[in-house]
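> structure for the following, please:
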Amino acid sequence: MLLVIWLLSAGIGVSYSVISERKKRIEFLGTMERDLKKLGYYMCEWRLPVEEAIGRIIKEGSQFGVFYEAIHKRIRERYVDDFGELWCEESKGLLTGVTLSEEIKILWRDTFSQIPMEPEAVKRQLYLKSEMLSEKRRALEEKYKGEQRLVLSMGFFVSAFLCLILW
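Reported below is the predicted structural model:
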């Protein structure tokens with residue numbers, strides 16, 4: 001009897017962990033989207049330089065605080081020739097271990113590459129990238145909503161099937 005309870009709870013636990021991992025991906029994408037909008041707002045509406053805009057995001061407490069602090073530190077120390085390269089380089093560390101599609105990772109890494117640092121060009125680029133991330137996030141949400149009940153059911157039924165086999 002104890003084995004049956006253990007198998008059922010293990011199956012449901014695995015299903016729950018899959019669902020929570022998916023929620024983390026969606027939250028991660030949402031943070032990416034919000035941060036790009038904030039950067040666009042500070043850099044274009046307030047006309048702040050990159051260093052100050054990133055400093056504001058750090059003060060607001062972004063989920064990517066370590067990422068922004070690394071960029072902010074390198075900008076302050078004047079180790080930056082090309083901000084796009086710096087963003088891409090630091091993004092590789094941020095995206096390591098995150099299970100997102102390669103398309104989304106490339107979209108994030110190339111945010112500041114090959115754009116002039118003029119306010120209107122930056123604004124268009126950041127809002128465009130933000131909207132693209134928003135579309136990807138919404139598509140993942142819809143996909144995961146449809147599969148959530150299936151994942152939970154499969155976890156339960158697989159563990160129930162194992163209980164029957166062992167019985």
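> show me what the longest helix belonging to the chain is packed up against.
Identified as the longest helix of the chain according to DSSP state H is helix 119-166. Helices and strands in packing contact with helix 119-166 are listed as helix 2-40, helix 102-109; criterion 3 or more C-beta pairs under 8 Å, 6 or more residues apart in numbering; DSSP states H and E. Heads up, the C-betas are built off the backbone N, CA and C, glycines and all.
> skipping adjacent residues, who's closest to residue 47 in space?
Setting aside the residues directly before and after it, residue 47 is nearest to residue 119 in space (C-beta to C-beta, 6 or more residues apart in numbering), at 6.4 Å.
> in contact with the one you found: list those residues for me.
By C-beta atoms under 8 Å, 6 or more residues apart in numbering, the contact list for residue 119 reads 43-44, 47.
> and for residue 38?
Residue 38 makes contact with 53, 56-57, 60 under the criterion C-beta under 8 Å, 6+ apart.
> which residues does the residue nearest the centre of the chain contact?
In the chain, the centroid-proximal residue (C-alpha atoms, centre = their mean) is residue 28; its distance is 2.7 Å. Taking C-beta under 8 Å, 6+ apart, we find residue 28 in contact with 63, 98, 100.
> so how far is residue 27 from residue 63?
Using C-beta to C-beta, to the nearest Å, one obtains 8 Å as the distance from residue 63 to residue 27.
> tell me the SS of residue 117?
Classification of residue 117 into helix, strand or coil gives coil, according to DSSP: H, G, I helix; E, B strand; the rest coil.
> quickly note the distance from it to residue 82.
Using C-beta to C-beta, which is the criterion applied here, residue 117 is 10 Å from residue 82.
> try residue 103
If you go by C-beta to C-beta, the gap between residue 103 and residue 82 works out to 23 Å.
> for residue 69, what are its contacts?
When contacts are taken as C-beta under 8 Å, 6+ apart, residue 69 is in contact with residue 58.
> and for residue 156?
Contacts of residue 156 were listed using C-beta under 8 Å, 6+ apart, and they are 8, 11-12, 15.
> and those residues, which two are the farthest apart?
8 and 15 (11.0 Å; C-beta to C-beta).
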